[in-house]
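Student: Got a sequence here, can you build the structure:
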Amino acid sequence: MNPADGAIAVEVSHLSKTYPLASSQLARLRQVLGSGRAGKVIHALRDVSFTVARGEAFGIIGANGSGKSTLLQIVAGIVRPTAGSVDVRGRLSALLELGAGFSPEFTGRDNVYLNASILGFSREETEARFETIHNFSGIGDFIDQPIKTYSTGMVLRLAFAVAAHVDPEILIVDEALSVGDIAFRQRCMRRIHELRANGATILFVSHEASEVKALCERCLWLQDGAMRQIGESDDVTAQYLEATLRREIALAPAQIPEKAAVP
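Tutor: Predicted structure coming up:
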């Protein structure tokens, strides 16, 4: 789907994000307070621009450290950009860091209500969806235990169940799903496809090129914080995989053939 063909759900314009690179905690504090000299910075994002149409599934790929998570955090309103702007038009639900927004001392049940309220749901609306969320998570009786007693997989299950069942108009999914087991990943992907079919806009980050190709029409490839390529998912993922393979071959130690044994 071309954004020009429909209403825009997400518009990112000339987005950049830098972080100060200081030699000590004191130096970092001085830079934050504005009393220190400007030093070296890390460019997490460099002049990134794109639009996502309402109802479109848009993929973001790139190696670790390429800026994917920073981009999603800015779109979700968690991190402020150094330059540029983001315009999000619709109810947004984000699954970024595992268990982000969960209180470890509260039970799973309490956290469901808490997170749903943050996303704009009333207690009555959450009550009506609670059993669906609970059943999807598959955590059983642990729903009434504190989150701090959960395994990593259980936290993921509950976090995704909440994010995907609060009628998001825009759903952001980072690579958190990579820690789940295969069966749960498949369940999550089915739910994402359901949301997509019902008109939700999806921003999806994954290391699995096959998942991006199956879900997303278009895709952005980030490299070192900058836009390397944007276009149809089949084309972009193919170029990304080819470049990844070339890099792995270049980094591999040279294979020195063994000398033939002398009889």
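Student: Tell me how far stretch 129-140 lies from the chain's centre.
Tutor: Centroid separation for stretch 129-140 versus its chain: 23 Å, with Cα atoms, centre = their mean, to the nearest Å.
Student: what does that stretch rub up against?
Tutor: Stretch 129-140 has contacts (Cβ atoms under 8 Å, 6 or more residues apart in numbering) with 108-109, 112, 116, 121, 143, 150, 154, 157-158, 160-162, 164-166, 184, 187, 191. Glycine gets a C-beta too; all of them are placed from N, C-alpha and C.
Student: change it to 6 Å
Tutor: By Cβ atoms under 6 Å, 6 or more residues apart in numbering, the list of residues contacting stretch 129-140 from outside reads 112, 143, 154, 157-158, 161-162, 165.
Student: now do stretch 73-92
Tutor: Stretch 73-92 is contacted from outside by 9-18, 94, 168-170, 172, using Cβ under 6 Å, 6+ apart.
Student: 8 Å instead, please
Tutor: 7-18, 45, 47-49, 54, 70, 94, 96, 119-120, 166-172, 201, 203.
Student: which among those residues end up buried?
Tutor: Among the contacts of stretch 73-92, those classed as buried by 16 or more other Cβ atoms under 10 Å are 8-10, 12, 15-18, 45, 48, 54, 70, 94, 96, 119, 166, 168-172, 201, 203.
Student: quick one: G59 and T70, what's the gap?
Tutor: 16 Å (Cβ to Cβ, to the nearest Å).
Student: which element follows the helix or strand of the chain with the lowest mean pLDDT toward the C-terminus?
Tutor: Ranking every helix and strand in the chain by mean pLDDT, DSSP states H and E puts helix 25-33 at the bottom, with a mean of 61. Toward the C-terminus, helix 25-33 is succeeded by strand 41-53 as the next helix or strand (DSSP states H and E).
Student: what residue lies at the spatial centre of the chain?
Tutor: In the chain, the centroid-proximal residue (Cα atoms, centre = their mean) is D174; its distance is 2.0 Å.
Student: contacting residues for that residue?
Tutor: Neighbours of D174 in contact, by Cβ under 8 Å, 6+ apart: 68-69, 72, 94-97, 205.
Student: Give me the distance between it and L72.
Tutor: 6 Å.
Student: And the strands in the stretch 151-263 of the chain?
Tutor: For the stretch 151-263 of the chain, strands defined by DSSP state E, counting those that start in this stretch occupy the ranges 170-173, 201-205, 218-223, 226-232.
Student: could the ones you listed go into a markdown table alongside distance to L241?
Tutor: A markdown table is the format used below for the strands of the stretch 151-263 of the chain (distance: least, Cβ to Cβ, whole Å):
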| stretch | distance to L241 |
| --- | --- |
| strand 170-173 | 21 |
| strand 201-205 | 16 |
| strand 218-223 | 10 |
| strand 226-232 | 12 |
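Student: and of those strands, who's closest to T126?
Tutor: Across these, T126 has its closest neighbour in strand 170-173 (17.6 Å, Cβ to Cβ).
Student: what does the average pLDDT come to for the longest helix along the chain?
Tutor: Criterion DSSP state H: the longest helix present in the chain is helix 233-251. When pLDDT is averaged along helix 233-251, the result is 91.
Student: Next: stretch 205-215.
Tutor: Computed over stretch 205-215, the average pLDDT equals 86.
Student: Sketch out the low-pLDDT regions of the stretch 1-150 of the chain for me.
Tutor: When residues are selected by pLDDT under 70, those of the stretch 1-150 of the chain lie in 1-6, 22-39, 97-100.
Student: just the helices in the stretch 1-150 of the chain please.
Tutor: All helices of the stretch 1-150 of the chain, identified by DSSP state H, counting those that start in this stretch, fall at 25-33, 68-75, 108-118, 123-137.
Student: Would you check the distance separating stretch 217-226 from the middle of the chain?
Tutor: So, by Cα atoms, centre = their mean, the centroid of stretch 217-226 is 13 Å from its chain's centroid.
Student: Put the alpha carbons of that stretch into PDB.
Tutor: Provided in PDB are the C-alpha atoms of stretch 217-226 (Å, rounded to 0.1, in the frame of the first residue of the first chain):
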ATOM      1  CA  GLU A 217       4.000  -4.800   2.000                       C
ATOM      2  CA  ARG A 218       6.800  -2.300   2.500                       C
ATOM      3  CA  CYS A 219      10.000  -2.300   4.500                       C
ATOM      4  CA  LEU A 220      12.700   0.100   5.700                       C
ATOM      5  CA  TRP A 221      16.300  -1.100   6.000                       C
ATOM      6  CA  LEU A 222      18.300   0.800   8.600                       C
ATOM      7  CA  GLN A 223      22.100   0.800   8.700                       C
ATOM      8  CA  ASP A 224      24.200   2.700  11.300                       C
ATOM      9  CA  GLY A 225      21.100   4.800  12.100                       C
ATOM     10  CA  ALA A 226      20.500   5.900   8.500                       C
END
